[in-house]
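Student: What follows is a predicted structure for the sequence shown.
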Amino acid sequence: MPRGTKRASLLIAGLRGLLGVATPLALVTTSSPALGYGDRAAIDIQHFQPAPGDARLVTLDLARVGSASHLGWVPQATLHYADRQLVLLCRGNCSPDVYVPWVAHRVTLDLSFTLSLFDRLQLALSLPVALYQHTDSAIIDAGSDAASTGGLVAVRPNPAGLGNLKLHGKVGFLPRSSRYGLGLAVALGLPTGDGNSFLGTRLPDLVARLLGHVELGRFTLAAHFGAHFSEAVTVSSLQDGTALLYGLGGQVRLLGADADTTPFFLIAELTGRAFTRFAPAADFPTEFLIAARSEPGPYSITVGAGSALYPGVGVPNVRAFVSFAYRGGRRSPSPSH
(Lines give C-alpha, C1' and ligand atoms only; values in the text may rest on other atoms or scores of the structure.)
Protein backbone atom coordinates (compact mmCIF):
# COMPACT_ATOMS: atom_id res chain seq x y z
CA MET A 1 0.00 0.00 0.00
CA PRO A 2 1.48 3.46 -0.89
CA ARG A 3 2.48 5.57 2.10
CA GLY A 4 -0.04 8.33 1.36
CA THR A 5 -2.89 5.85 1.06
CA LYS A 6 -1.91 4.18 4.33
CA ARG A 7 -1.88 7.55 6.14
CA ALA A 8 -5.31 8.43 4.75
CA SER A 9 -6.71 5.08 5.89
CA LEU A 10 -5.34 5.56 9.40
CA LEU A 11 -6.77 9.11 9.55
CA ILE A 12 -10.23 7.90 8.51
CA ALA A 13 -10.05 5.11 11.08
CA GLY A 14 -9.17 7.64 13.80
CA LEU A 15 -12.09 9.87 12.85
CA ARG A 16 -14.49 6.92 12.89
CA GLY A 17 -13.28 6.01 16.37
CA LEU A 18 -13.80 9.57 17.63
CA LEU A 19 -17.29 9.71 16.17
CA GLY A 20 -18.04 6.30 17.66
CA VAL A 21 -17.36 7.71 21.12
CA ALA A 22 -19.08 11.07 20.59
CA THR A 23 -22.31 9.81 19.01
CA PRO A 24 -23.74 7.78 21.90
CA LEU A 25 -22.79 10.44 24.43
CA ALA A 26 -24.41 13.14 22.31
CA LEU A 27 -27.59 11.06 22.23
CA VAL A 28 -27.49 10.85 26.02
CA THR A 29 -27.32 14.64 26.15
CA THR A 30 -30.41 15.12 24.03
CA SER A 31 -32.66 12.23 25.01
CA SER A 32 -31.92 10.93 28.51
CA PRO A 33 -33.68 12.17 31.65
CA ALA A 34 -31.70 14.43 33.98
CA LEU A 35 -29.58 12.59 36.50
CA GLY A 36 -30.01 13.24 40.21
CA TYR A 37 -26.69 15.06 40.44
CA GLY A 38 -25.97 18.75 40.83
CA ASP A 39 -29.63 19.74 41.02
CA ARG A 40 -28.76 22.88 42.99
CA ALA A 41 -26.42 24.64 40.54
CA ALA A 42 -25.93 22.37 37.53
CA ILE A 43 -24.67 25.14 35.24
CA ASP A 44 -21.07 25.46 34.06
CA ILE A 45 -20.25 29.18 33.97
CA GLN A 46 -16.63 28.64 32.92
CA HIS A 47 -16.91 29.96 29.37
CA PHE A 48 -13.21 30.87 29.22
CA GLN A 49 -11.68 27.65 27.88
CA PRO A 50 -8.09 27.87 26.60
CA ALA A 51 -7.69 26.05 23.31
CA PRO A 52 -5.47 22.96 23.70
CA GLY A 53 -2.33 22.47 21.63
CA ASP A 54 -0.12 25.11 20.03
CA ALA A 55 -2.19 25.91 16.90
CA ARG A 56 -4.27 28.54 18.64
CA LEU A 57 -4.60 32.14 19.70
CA VAL A 58 -5.93 31.98 23.29
CA THR A 59 -9.39 30.40 23.21
CA LEU A 60 -9.65 30.40 19.40
CA ASP A 61 -8.28 27.38 17.52
CA LEU A 62 -6.44 27.70 14.24
CA ALA A 63 -7.76 25.39 11.54
CA ARG A 64 -4.66 23.15 11.57
CA VAL A 65 -2.69 21.05 14.03
CA GLY A 66 0.41 22.34 15.80
CA SER A 67 4.00 22.87 14.75
CA ALA A 68 4.91 19.24 15.48
CA SER A 69 4.33 16.53 12.92
CA HIS A 70 2.94 13.04 13.55
CA LEU A 71 2.84 12.22 17.30
CA GLY A 72 3.63 15.74 18.45
CA TRP A 73 2.40 16.45 21.98
CA VAL A 74 1.67 19.56 24.04
CA PRO A 75 0.94 19.73 27.79
CA GLN A 76 -0.51 23.08 28.86
CA ALA A 77 -1.47 24.75 32.14
CA THR A 78 -3.46 28.00 32.33
CA LEU A 79 -4.09 29.86 35.57
CA HIS A 80 -6.86 32.46 35.33
CA TYR A 81 -8.79 34.78 37.62
CA ALA A 82 -12.33 36.13 37.07
CA ASP A 83 -14.03 38.93 39.00
CA ARG A 84 -17.83 38.93 39.46
CA GLN A 85 -18.42 36.05 37.05
CA LEU A 86 -22.04 35.67 38.18
CA VAL A 87 -24.29 38.21 39.96
CA LEU A 88 -27.84 38.24 41.30
CA LEU A 89 -30.21 41.19 41.07
CA CYS A 90 -31.84 41.63 44.48
CA ARG A 91 -35.27 43.26 44.41
CA GLY A 92 -36.67 41.87 47.68
CA ASN A 93 -35.72 43.47 50.97
CA CYS A 94 -32.55 44.89 49.40
CA SER A 95 -32.06 48.39 48.08
CA PRO A 96 -33.62 48.74 44.62
CA ASP A 97 -31.63 47.08 41.82
CA VAL A 98 -28.68 45.93 43.91
CA TYR A 99 -26.38 43.46 42.19
CA VAL A 100 -24.95 40.89 44.61
CA PRO A 101 -22.01 38.70 43.45
CA TRP A 102 -23.05 35.05 43.39
CA VAL A 103 -19.56 34.03 42.23
CA ALA A 104 -17.57 37.09 43.23
CA HIS A 105 -14.05 35.76 42.62
CA ARG A 106 -12.82 32.58 41.00
CA VAL A 107 -9.28 31.26 40.46
CA THR A 108 -9.08 28.33 38.06
CA LEU A 109 -6.26 26.09 36.84
CA ASP A 110 -7.03 24.65 33.40
CA LEU A 111 -4.92 21.61 32.43
CA SER A 112 -4.75 19.99 28.99
CA PHE A 113 -2.73 17.46 27.01
CA THR A 114 -2.75 17.35 23.21
CA LEU A 115 -1.58 14.75 20.68
CA SER A 116 -1.22 15.48 16.94
CA LEU A 117 -1.61 12.75 14.33
CA PHE A 118 -0.67 12.73 10.61
CA ASP A 119 -0.44 16.57 10.36
CA ARG A 120 -4.25 16.74 10.12
CA LEU A 121 -5.81 15.35 13.31
CA GLN A 122 -5.49 16.60 16.89
CA LEU A 123 -6.84 14.88 20.00
CA ALA A 124 -6.83 16.39 23.49
CA LEU A 125 -8.04 16.09 27.06
CA SER A 126 -8.69 19.09 29.31
CA LEU A 127 -9.78 19.52 32.91
CA PRO A 128 -10.51 22.80 34.76
CA VAL A 129 -9.94 22.87 38.51
CA ALA A 130 -11.43 25.73 40.55
CA LEU A 131 -8.82 26.45 43.21
CA TYR A 132 -10.94 29.12 44.90
CA GLN A 133 -14.28 30.85 44.46
CA HIS A 134 -16.02 33.29 46.77
CA THR A 135 -19.71 34.11 47.26
CA ASP A 136 -20.90 37.42 48.72
CA SER A 137 -21.91 37.19 52.38
CA ALA A 138 -25.30 38.81 51.58
CA ILE A 139 -26.43 35.55 49.95
CA ILE A 140 -28.05 33.11 52.41
CA ASP A 141 -27.71 29.43 51.57
CA ALA A 142 -31.03 27.99 50.37
CA GLY A 143 -30.51 24.88 52.49
CA SER A 144 -29.67 26.61 55.77
CA ASP A 145 -31.94 27.40 58.73
CA ALA A 146 -31.37 31.11 58.17
CA ALA A 147 -33.14 30.92 54.80
CA SER A 148 -36.51 31.13 56.54
CA THR A 149 -35.65 34.57 57.96
CA GLY A 150 -35.67 36.20 54.51
CA GLY A 151 -32.92 38.04 52.70
CA LEU A 152 -31.32 37.04 49.40
CA VAL A 153 -31.68 33.23 49.47
CA ALA A 154 -29.72 31.24 46.88
CA VAL A 155 -27.33 28.32 46.48
CA ARG A 156 -23.91 28.97 48.03
CA PRO A 157 -21.30 27.18 45.88
CA ASN A 158 -18.36 25.33 47.36
CA PRO A 159 -15.08 27.28 47.61
CA ALA A 160 -13.24 24.82 45.30
CA GLY A 161 -13.92 21.85 43.04
CA LEU A 162 -13.40 20.05 39.75
CA GLY A 163 -14.94 21.06 36.44
CA ASN A 164 -16.14 18.93 33.53
CA LEU A 165 -13.53 16.76 31.82
CA LYS A 166 -13.52 17.45 28.06
CA LEU A 167 -12.50 15.29 25.12
CA HIS A 168 -11.38 17.36 22.12
CA GLY A 169 -10.96 16.49 18.48
CA LYS A 170 -9.82 18.80 15.67
CA VAL A 171 -9.36 18.13 11.95
CA GLY A 172 -7.58 20.44 9.52
CA PHE A 173 -8.79 20.00 5.96
CA LEU A 174 -6.08 22.00 4.16
CA PRO A 175 -2.32 21.28 4.12
CA ARG A 176 -0.03 23.12 6.55
CA SER A 177 1.79 24.74 3.63
CA SER A 178 -1.36 26.75 2.76
CA ARG A 179 -1.78 30.22 4.22
CA TYR A 180 -5.50 29.47 4.51
CA GLY A 181 -7.06 27.06 6.96
CA LEU A 182 -10.42 25.32 7.21
CA GLY A 183 -11.24 22.80 9.91
CA LEU A 184 -13.70 21.30 12.33
CA ALA A 185 -13.40 21.07 16.13
CA VAL A 186 -15.55 19.00 18.48
CA ALA A 187 -15.44 18.98 22.30
CA LEU A 188 -17.40 16.54 24.42
CA GLY A 189 -17.87 17.50 28.08
CA LEU A 190 -18.38 14.75 30.66
CA PRO A 191 -20.30 15.52 33.89
CA THR A 192 -17.33 15.17 36.26
CA GLY A 193 -17.63 18.68 37.69
CA ASP A 194 -19.18 19.92 40.91
CA GLY A 195 -22.77 20.44 39.78
CA ASN A 196 -23.66 22.18 43.06
CA SER A 197 -21.09 24.95 42.55
CA PHE A 198 -21.50 26.20 38.94
CA LEU A 199 -18.58 23.96 37.93
CA GLY A 200 -20.36 21.18 36.05
CA THR A 201 -23.49 19.90 34.39
CA ARG A 202 -25.82 16.97 35.06
CA LEU A 203 -25.49 15.52 31.56
CA PRO A 204 -22.76 15.48 28.90
CA ASP A 205 -22.59 18.50 26.62
CA LEU A 206 -21.26 18.83 23.09
CA VAL A 207 -19.56 21.71 21.27
CA ALA A 208 -19.07 21.67 17.49
CA ARG A 209 -17.34 24.54 15.67
CA LEU A 210 -16.31 25.30 12.11
CA LEU A 211 -12.82 26.86 12.09
CA GLY A 212 -11.15 29.16 9.62
CA HIS A 213 -7.96 31.22 9.49
CA VAL A 214 -5.69 33.08 7.11
CA GLU A 215 -1.96 33.78 7.58
CA LEU A 216 -0.67 36.93 5.90
CA GLY A 217 3.00 37.31 6.70
CA ARG A 218 3.23 38.48 10.29
CA PHE A 219 -0.57 38.62 10.70
CA THR A 220 -2.94 35.75 11.42
CA LEU A 221 -6.72 36.13 11.49
CA ALA A 222 -8.94 33.38 12.91
CA ALA A 223 -12.67 32.83 13.36
CA HIS A 224 -15.07 30.13 14.45
CA PHE A 225 -18.80 29.56 14.37
CA GLY A 226 -20.71 26.69 15.92
CA ALA A 227 -23.06 25.56 18.64
CA HIS A 228 -23.04 24.30 22.21
CA PHE A 229 -25.60 21.57 22.84
CA SER A 230 -26.57 21.07 26.49
CA GLU A 231 -29.51 20.32 28.74
CA ALA A 232 -31.92 23.18 29.42
CA VAL A 233 -31.47 23.97 33.13
CA THR A 234 -32.95 26.62 35.43
CA VAL A 235 -31.26 27.50 38.74
CA SER A 236 -33.06 30.25 40.65
CA SER A 237 -33.84 32.72 37.84
CA LEU A 238 -30.74 31.67 35.89
CA GLN A 239 -31.23 29.65 32.71
CA ASP A 240 -28.79 27.67 30.60
CA GLY A 241 -29.11 25.57 27.47
CA THR A 242 -28.23 25.28 23.79
CA ALA A 243 -26.41 28.29 22.35
CA LEU A 244 -24.74 29.47 19.17
CA LEU A 245 -21.01 30.21 19.46
CA TYR A 246 -18.95 32.77 17.58
CA GLY A 247 -15.45 34.15 17.81
CA LEU A 248 -13.05 36.41 15.92
CA GLY A 249 -9.43 37.13 16.69
CA GLY A 250 -6.02 37.97 15.34
CA GLN A 251 -2.36 37.97 16.21
CA VAL A 252 0.68 39.83 14.93
CA ARG A 253 4.24 38.51 15.18
CA LEU A 254 6.47 41.36 16.34
CA LEU A 255 9.64 39.24 16.63
CA GLY A 256 10.71 35.90 15.28
CA ALA A 257 11.18 36.38 11.55
CA ASP A 258 14.73 34.96 11.87
CA ALA A 259 15.39 31.39 12.96
CA ASP A 260 17.53 32.51 15.93
CA THR A 261 14.99 35.04 17.25
CA THR A 262 12.45 34.09 19.92
CA PRO A 263 8.94 34.63 18.48
CA PHE A 264 6.82 37.24 20.26
CA PHE A 265 3.13 37.79 19.46
CA LEU A 266 0.36 40.22 20.37
CA ILE A 267 -3.13 38.69 20.34
CA ALA A 268 -6.70 40.02 20.48
CA GLU A 269 -9.92 37.99 20.63
CA LEU A 270 -13.66 38.53 20.79
CA THR A 271 -15.79 35.52 21.74
CA GLY A 272 -19.43 35.15 22.63
CA ARG A 273 -22.53 33.02 22.56
CA ALA A 274 -26.20 33.54 21.77
CA PHE A 275 -28.67 31.39 23.68
CA THR A 276 -31.48 30.20 21.46
CA ARG A 277 -34.09 32.00 23.57
CA PHE A 278 -32.59 35.27 22.22
CA ALA A 279 -33.71 37.31 25.23
CA PRO A 280 -31.63 40.49 24.90
CA ALA A 281 -31.22 41.11 28.65
CA ALA A 282 -28.65 38.38 29.30
CA ASP A 283 -28.53 35.93 26.41
CA PHE A 284 -25.58 37.36 24.46
CA PRO A 285 -22.57 37.16 26.83
CA THR A 286 -19.53 38.48 24.95
CA GLU A 287 -15.95 38.94 26.12
CA PHE A 288 -12.84 40.66 24.74
CA LEU A 289 -9.29 39.45 25.45
CA ILE A 290 -5.81 40.82 24.76
CA ALA A 291 -2.64 38.82 25.30
CA ALA A 292 1.09 38.59 24.60
CA ARG A 293 2.95 35.35 23.88
CA SER A 294 6.63 34.44 23.80
CA GLU A 295 7.95 31.11 22.48
CA PRO A 296 11.51 30.48 23.67
CA GLY A 297 12.56 27.15 22.20
CA PRO A 298 9.91 24.46 22.80
CA TYR A 299 8.21 26.51 25.50
CA SER A 300 5.26 28.90 25.20
CA ILE A 301 4.31 31.58 27.74
CA THR A 302 1.12 33.64 27.36
CA VAL A 303 -0.17 36.42 29.62
CA GLY A 304 -3.31 38.46 29.09
CA ALA A 305 -6.46 40.08 30.41
CA GLY A 306 -10.04 40.59 29.36
CA SER A 307 -13.38 42.12 30.18
CA ALA A 308 -17.05 41.92 29.27
CA LEU A 309 -18.31 43.61 26.12
CA TYR A 310 -21.87 42.47 26.79
CA PRO A 311 -22.82 41.11 30.22
CA GLY A 312 -24.18 37.65 30.81
CA VAL A 313 -23.61 34.36 32.58
CA GLY A 314 -19.90 33.54 32.87
CA VAL A 315 -18.62 36.90 31.59
CA PRO A 316 -16.66 38.69 34.33
CA ASN A 317 -15.92 42.34 34.92
CA VAL A 318 -12.20 41.59 34.72
CA ARG A 319 -10.24 38.50 33.73
CA ALA A 320 -6.49 37.86 33.96
CA PHE A 321 -4.57 34.75 32.92
CA VAL A 322 -1.13 33.23 32.42
CA SER A 323 -0.47 30.08 30.41
CA PHE A 324 2.52 27.74 30.09
CA ALA A 325 2.93 25.06 27.41
CA TYR A 326 5.65 22.74 26.12
CA ARG A 327 5.83 21.57 22.51
CA GLY A 328 7.18 18.03 22.29
CA GLY A 329 7.88 15.86 19.25
CA ARG A 330 9.65 16.42 15.96
CA ARG A 331 9.01 19.87 14.48
CA SER A 332 7.36 20.28 11.11
CA PRO A 333 8.57 22.90 8.63
CA SER A 334 6.83 26.26 9.13
CA PRO A 335 4.08 27.04 6.62
CA SER A 336 5.32 29.15 3.71
CA HIS A 337 3.56 32.44 2.98
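Tutor: Thanks, I have the structure now. From a predicted model like this one, the values you see are computed outputs, not experimental measurements.

Student: Contact partners for His168?
Tutor: 52, 112, 114, 122-126, 185-188 (CB atoms under 8 Å, 6 or more residues apart in numbering). C-beta here means a position set from N, CA and C on the backbone, and glycine is covered the same way.

Student: Emit the ChimeraX select command for whichever of these are buried.
Tutor: Buried subset of the contacts of His168, written as a ChimeraX selection, criterion 16 or more other CB atoms under 10 Å:
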select :52,112,114,122,123,124,126,185,186,187,188
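
Student: Could you tell me which of the contacts of His168 belong to strands?
Tutor: Among these, the members found in strands (DSSP state E) are 112, 114, 122-126, 185-188.

Student: And what about the spatially most central residue of the chain, helix, strand or coil?
Tutor: Among the residues of the chain, the one closest to the centroid is Gln49, at 2.1 Å (CA atoms, centre = their mean). The three-state assignment at Gln49 reads coil, by DSSP: H, G, I helix; E, B strand; the rest coil.

Student: One more: Arg202?
Tutor: coil.

Student: so it touches Val233, yeah?
Tutor: Yes: contact criterion CB atoms under 8 Å: Arg202 and Val233 qualify, at 7.2 Å.

Student: Okay, buried residues for stretch 295-312 please.
Tutor: Under 16+ other CB under 10 Å, the buried positions of stretch 295-312 are 295, 300, 302, 304, 306, 308, 311-312.

Student: list residues touching both of Arg202 and Val233?
Tutor: Ala42.

Student: among the buried residues of stretch 295-312, which are in strands?
Tutor: 300, 302, 304, 306, 308.

Student: could you dump those residues to TSV with distance to Gly217 and pLDDT?
Tutor: Shown next, in TSV, are those (distance: CB to CB, whole Å; pLDDT from 0 to 100):
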residue	distance to Gly217	pLDDT
Ser300	21	95
Thr302	21	97
Gly304	23	97
Gly306	26	95
Ala308	32	90
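
Student: just these now: which is nearest Gly241?
Tutor: Nearest to Gly241 among these, counting by CB to CB, is Ala308 at 20.5 Å.

Student: Can you tell me, leaving aside adjacent residues, what's nearest to that closest one?
Tutor: Val315 (4.3 Å; CB to CB, 6 or more residues apart in numbering).

Student: just to confirm, which helix or strand has the one you found in it?
Tutor: Remark: Val315 resides in no helix or strand, with elements defined by DSSP states H and E.

Student: That one and Leu206, how far apart?
Tutor: 22 Å (CB to CB, to the nearest Å).

Student: Compare these two (neighbour count), which wins?
Tutor: Neighbour count, other CB atoms under 10 Å: between Val315 and Leu206, Val315 has more, with 28 against 20.

Student: ok now do that one, which residues does it touch?
Tutor: Each residue near Val315 by CB under 8 Å, 6+ apart is listed here: 47, 85, 285-287, 308.

Student: Pull the most distant pair out of the residues you listed.
Tutor: Across the contacts of Val315, the longest distance by CB to CB is 14.3 Å; it joins Gln85 and Thr286.

Student: Neighbour count: these two, which is higher?
Tutor: Taking neighbours as other CB under 10 Å, Gln85 and Thr286 compare with Gln85 leading, 26 against 17.

Student: could you say which helix or strand contains that one?
Tutor: strand 73-90.

Student: Summarise which helices and strands that strand is packed against.
Tutor: Contacts defined by 3 or more CB pairs under 8 Å, 6 or more residues apart in numbering; DSSP states H and E place strand 73-90 against strand 98-117, strand 152-154, strand 318-326.

Student: Counting neighbours, which bits of that strand end up buried?
Tutor: 73-74, 76, 78, 80-82, 84-88, 90.

Student: mind giving me JSON lines with those residues and columns for distance to Val171 and pLDDT?
Tutor: Listed next are the buried residues of strand 73-90 as JSON lines, based on distance: CB to CB, whole Å; pLDDT from 0 to 100:
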{"residue": "Trp73", "distance to Val171": "18", "pLDDT": "93"}
{"residue": "Val74", "distance to Val171": "17", "pLDDT": "95"}
{"residue": "Gln76", "distance to Val171": "20", "pLDDT": "97"}
{"residue": "Thr78", "distance to Val171": "24", "pLDDT": "98"}
{"residue": "His80", "distance to Val171": "27", "pLDDT": "96"}
{"residue": "Tyr81", "distance to Val171": "33", "pLDDT": "97"}
{"residue": "Ala82", "distance to Val171": "31", "pLDDT": "94"}
{"residue": "Arg84", "distance to Val171": "37", "pLDDT": "89"}
{"residue": "Gln85", "distance to Val171": "32", "pLDDT": "87"}
{"residue": "Leu86", "distance to Val171": "34", "pLDDT": "85"}
{"residue": "Val87", "distance to Val171": "39", "pLDDT": "81"}
{"residue": "Leu88", "distance to Val171": "41", "pLDDT": "75"}
{"residue": "Cys90", "distance to Val171": "47", "pLDDT": "66"}
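
Student: closest to Phe321 among those residues?
Tutor: Closest to Phe321 out of the buried residues of strand 73-90 is His80 (3.6 Å), distances taken as CB to CB.
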